[in-house]
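Peer 1: Kindly return the folded structure for what I paste below:
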Amino acid sequence: MTPRQFFQKVFSRIVVLNLLAMALFIVLLLVGAGYALSVYTHHGEGISVPDLTGVRGASATERLQHLGLQMAVSDSAYNSARPAGTILQQTPGPGTLVKQGHTIYVTINSTSSPSFAIPDIIDNCSAREAKARLEAIGYRLLPNKEVNGEKDWVYGLEARGHALVAGDKVSIETPLQLLVGNGLYEGYLYDDDPTDSLYDTNFSTTDAIMPVESETIEE
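Peer 2: Numbers count the residues shown, from 1 in each chain. Now for the predicted structure:
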């Protein structure tokens with residue numbers, strides 16, 4: 001068998017048609033699989049997430065269910081400017097395209113303001129440090145109330161006239177007032193020298209002990 005006869009037999013019309021048919025079948029199979037996958041996953045389609053900010057939880061749930069979506073509360077926070085039970089934040093955000101059945105996670109505004117424990121600042125730090133620690137928690141401070149004692153030292157903390165101690169839990173909405181030393185101690189200037197509060201600073205030892213002049217005795 002010559003090479004020409006071999007190639008004519010291998011690449012006969014029937015063989016070529018079979019190869020073309022197999023290639024066409026593979027192409028159609030891939031196109032069909034891609035289309036089916038696209039339909040199954042709703043490729044190119046999506047539901048626009050509505051803006052739920054300020055909407056009450058029950059209303060938001062009903063609205064999402066109408067669109068084929070779900071809602072889950074992931075956290076709670078407190079904002080005095082918003083009604084209790086309304087949504088403060090959401091994930092994904094408004095306008096995001098999601099698939100049907102997707103869950104929208106929301107943060108709900110708490111019905112009451114959170115309370116925090118008062119840190120150990122009384123008779124333990126300066127007014128500046130105490131103010132920084134309280135404001136870092138989120139408390140609002142009234143002007144300091146002065147009391148006799150070392151200047152700028154914290155001697156107490158009050159909330160609406162009631163004395164507080166370290167560990168007391170107070171609402172973040174309650175204004176606090178520091179009792180701070182004014183630099184006076186028992187009526188005298190307090191400058192860390194205890195002798196200043198015990199003795200008259202105008203007193204001089206030269207006033208108490210006068211030198212005795214010698215007398216000349218005439219014979």
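
Peer 1: Can you verify my assumption that Ile137 contacts Phe116?
Peer 2: Yes - counting by Cβ atoms under 8 Å, Ile137 touches Phe116, with 5.3 Å between them. No exception for glycine: its C-beta is placed from N, CA and C like everyone else's.

Peer 1: and for the two, which residues touch both?
Peer 2: Shared contacts of Ile137 and Phe116, defined by Cβ atoms under 8 Å, 6 or more residues apart in numbering, comprise Ile172.

Peer 1: Spatially central residue for the chain, please.
Peer 2: Taking Cα atoms, centre = their mean, the centroid of the chain lies closest to Ala77, which sits 9.6 Å from it.

Peer 1: got a list of what the residue lying closest to Lys169 once chain neighbours are set aside touches?
Peer 2: Take Lys169 and drop its neighbours on the chain: the residue closest to it by Cβ to Cβ, 6 or more residues apart in numbering is Ser115, 4.3 Å away. Contacts for Ser115 (Cβ under 8 Å, 6+ apart) come out as Lys169, Val170, Ser171, Ile172.

Peer 1: let's go with 10 Å and repeat that
Peer 2: Asp168, Lys169, Val170, Ser171, Ile172, Glu173, Thr174 (Cβ atoms under 10 Å, 6 or more residues apart in numbering).

Peer 1: What is the most widely separated pair among the residues you listed?
Peer 2: The span of these, defined through Cβ to Cβ, is set by Asp168 and Glu173 at 15.1 Å.
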